[in-house]
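Trainee: All I have is the shape, not the residue letters:
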């Protein structure tokens, strides 16, 4: 366990293995519930909120340290997650950018003054930190997923208990060291590692935790929400994000977006493209372009700078993707390229004529797969897009703004992007979904407010004279 500014001795260890080679990357403590409980109680007793300018300075310094150590961090992320080095280098920059935004927003957290109608009183609202935040993070993007939870918590003035994925905990521990080097008080941060089914529910339900922010699967998110009953929760539970391509689309752009969104991070992204929904005969040209995109992708060793697609997080995960592809083909989908499995690696796959009810496109498939669903018109595209339990983000490619507006209004999702994929993101804007995709909104300014409480103070005020 990382507490009081250092790793503590552990009697039991969890091994962290490279998904590509199977080799050990390192080990972390297999914390017990008793150890976690002691650490959380100690954190709660010691925590004192920092002033906004102190929070901003720490976050800004952490951003600089990440940039200084970007090469080391990118390699560590690749070794423990299997994401190719070309992408993990970008991830370190994204993490630094999120920290810079959080530093700025830490000093922008402002209340308001409200004259109270019918009373000679003035109400003032003040943002205060919610308290101790439990941040439970997934294996994909193991630096940035940690930063987008820890940075707003720090900006809001909270203390943090971080529980990273047991598959990718080393990057989280490296980030904890960076936060302390940037000046974050050691008594305000704990990193607990261990079995997710043991530590996760106990942490979410701990009486000294005021809020739980979680990213992961729907089933685990439901369990976390139950354990955290009565607390503030911020849940990002994945997506089955569509790219809808209309007949008047810029096909070059549509192909580019589909390839980027489906194959980046080996398809292991909640906001990545999971379905390409194409209206009309334009599908023929789009599919041809998408196959060519997939052919140009090099899959293999994530530490090779030429690699575009690395392995999945585990062989078990790859087997699920392989089976879903096979089931879709058995249901008359056409596998046009890729989909081969070698251990935990799946080569970039393009499928055409995928039935809208195939498991491949009904569930969130975490793999480098571009499934094309052909539909007759915009109305059918909307029905198919809305036809799953998820509602995270969507992209629409068209030159008809009126048609886009109609689609955007009809889609049950958290965000719709015109001529951009569902994978478009920015730290400045809200991110989150509806239906089973979660509760609340991330995006640095929005997370900070989720992690704050509003206190109202009223006082006499001579609003009326005479």
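Mentor: That came in fine, so what should we check first? Keep in mind it's a predicted model, so treat the numbers as computed, not measured.

Trainee: for the stretch 351-466 of the chain, what spans make up the strands?
Mentor: Remark: strands assigned in the stretch 351-466 of the chain by DSSP state E, counting those that start in this stretch are 369-375, 390-391, 393-397, 415-418, 434-435, 438-439, 452-460.

Trainee: closest one to residue 150 among these?
Mentor: Nearest to residue 150 among those is strand 452-460; the distance by Cβ to Cβ comes to 15.2 Å. Where you see a C-beta, it was placed from the backbone N, CA and C, and this is true even at glycine.

Trainee: Show me this protein divided up by domain.
Mentor: What automatic domain parsing lists as the domains of the chain is 2-237+437-455, 241-418.

Trainee: Adding mean pLDDT as columns, could you present these in JSON lines?
Mentor: Shown next, in JSON lines, are the domains of the chain (pLDDT from 0 to 100):
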{"stretch": "domain 2-237+437-455", "mean pLDDT": "96"}
{"stretch": "domain 241-418", "mean pLDDT": "97"}
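
Trainee: So which of the strands of the stretch 351-466 of the chain has the densest surroundings on average?
Mentor: Highest mean neighbour count among these (mean count of other Cβ atoms under 10 Å): strand 393-397, with a mean of 28.

Trainee: so what strands line up beside that strand?
Mentor: Counting by DSSP bridges, the strands paired with strand 393-397 are strand 241-245 (parallel), strand 415-418 (parallel).

Trainee: can I get those in CSV with distance to residue 332?
Mentor: CSV is the format used below for the strands paired with strand 393-397 (distance: least, Cβ to Cβ, whole Å):
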stretch, distance to residue 332
strand 241-245, 20
strand 415-418, 30
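
Trainee: how about those, which one is nearest residue 211?
Mentor: In terms of Cβ to Cβ, the element of the strands paired with strand 393-397 nearest to residue 211 is strand 415-418, at 23.1 Å.

Trainee: Now the residue positioned nearest the centre of the chain. Nearest residue, chain neighbours left out?
Mentor: Centroid-nearest residue in the chain, with Cα atoms, centre = their mean: residue 145, separated by 5.4 Å. Leaving out its chain neighbours, the residue that sits closest to residue 145 by Cβ to Cβ, 6 or more residues apart in numbering is residue 137, at 4.6 Å.

Trainee: Run a quick neighbour tally on that neighbour.
Mentor: As a burial measure, residue 137 scores 27 neighbours (other Cβ atoms under 10 Å).

Trainee: Look up how far residue 236 lies from it.
Mentor: Remark: distance between residue 137 and residue 236 (Cβ to Cβ, to the nearest Å) = 10 Å.

Trainee: which residues are in contact with both of the two?
Mentor: residue 215 (Cβ atoms under 8 Å, 6 or more residues apart in numbering).

Trainee: In contact with residue 439, which residues?
Mentor: Counting by Cβ under 8 Å, 6+ apart, residue 439 has contacts 225, 233, 234, 235, 432.

Trainee: And the one helix or strand residue 203 maps to, what's buried?
Mentor: Per DSSP states H and E, residue 203 falls inside helix 196-204. Judged by neighbour count using 16 or more other Cβ atoms under 10 Å, the buried positions of helix 196-204 are 196, 199, 200, 201, 202, 203, 204.

Trainee: got a list of contacts for it?
Mentor: With Cβ under 8 Å, 6+ apart as the contact definition, helix 196-204 has outside contacts at 31-33, 36-37, 40, 134, 136, 161, 163, 165-166, 192-193, 209, 212, 214, 220, 223-224, 227-228, 231.

Trainee: among those residues, which are in helices?
Mentor: Of the positions in the contacts of helix 196-204, 33, 36, 37, 40, 220, 223, 224, 227 sit in helices, assigned by DSSP state H.

Trainee: Widest-spaced pair of those residues?
Mentor: Farthest apart among these by Cβ to Cβ are 37 and 220. That separation is 20.8 Å.

Trainee: Have a look at those two and say which one is more surrounded.
Mentor: Taking neighbours as other Cβ under 10 Å, residue 37 and residue 220 compare with residue 220 leading, 19 against 16.

Trainee: wait, what's in contact with that one?
Mentor: Contacts of residue 220 (Cβ under 8 Å, 6+ apart): 196, 200, 214.

Trainee: Adding distance to residue 421, write those out as JSON lines.
Mentor: Output for these, formatted as JSON lines (distance: Cβ to Cβ, whole Å):
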{"residue": "196", "distance to residue 421": "30"}
{"residue": "200", "distance to residue 421": "31"}
{"residue": "214", "distance to residue 421": "25"}
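
Trainee: Relative to residue 145, how far out is the closest residue to residue 327 other than its chain neighbours?
Mentor: Excluding its sequence neighbours, the residue lying closest to residue 327 (Cβ to Cβ, 6+ apart) is residue 359, at 5.8 Å. Going from residue 359 to residue 145 by Cβ to Cβ gives 26 Å.

Trainee: same question, residue 413
Mentor: Taken as Cβ to Cβ, the span from residue 413 to residue 145 is 21 Å.

Trainee: cool, and residue 88?
Mentor: Distance from residue 88 to residue 145, counting by Cβ to Cβ: 13 Å.

Trainee: Could you do residue 174 as well?
Mentor: 14 Å.

Trainee: same thing with residue 178?
Mentor: Distance, residue 178 to residue 145, by Cβ to Cβ: 15 Å.

Trainee: again with residue 172
Mentor: As judged by Cβ to Cβ, residue 172 and residue 145 stand 9 Å apart.

Trainee: Also residue 320?
Mentor: 21 Å.

Trainee: Looking only at whichever strand or helix holds residue 323, what residues are buried by neighbour count?
Mentor: Taking DSSP H and E as the criterion, residue 323 maps to helix 315-330. By neighbour count on 16+ other Cβ under 10 Å, the buried set for helix 315-330 is 315, 317, 318, 320, 321, 322, 324, 325, 328, 329.

Trainee: Quick one: residues contacting the closest residue to residue 301 other than its chain neighbours.
Mentor: Excluding the flanking residues, the one nearest residue 301 by Cβ to Cβ, 6+ apart is residue 307, at 5.8 Å. Going by Cβ under 8 Å, 6+ apart, residue 307 touches 84, 85, 86, 298, 299, 300, 301.

Trainee: follow-up on the earlier one: from residue 383, how far out is the residue nearest to the centre of the chain?
Mentor: Noted for residue 145: a distance of 32 Å to residue 383, by Cβ to Cβ.

Trainee: In space, what's closest to residue 293 - neighbours in sequence excluded?
Mentor: residue 259 (3.7 Å).

Trainee: surely that neighbour meets residue 350?
Mentor: No. Using Cβ atoms under 8 Å, residue 259 is not in contact with residue 350; the gap is 9.2 Å.

Trainee: shared neighbours, these two?
Mentor: Common contact partners of residue 259 and residue 350 (Cβ under 8 Å, 6+ apart): 290, 294, 370.

Trainee: Need those residues in JSON lines (columns: distance to residue 26).
Mentor: Output for the shared contacts of residue 259 and residue 350, formatted as JSON lines (distance: Cβ to Cβ, whole Å):
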{"residue": "290", "distance to residue 26": "38"}
{"residue": "294", "distance to residue 26": "34"}
{"residue": "370", "distance to residue 26": "34"}
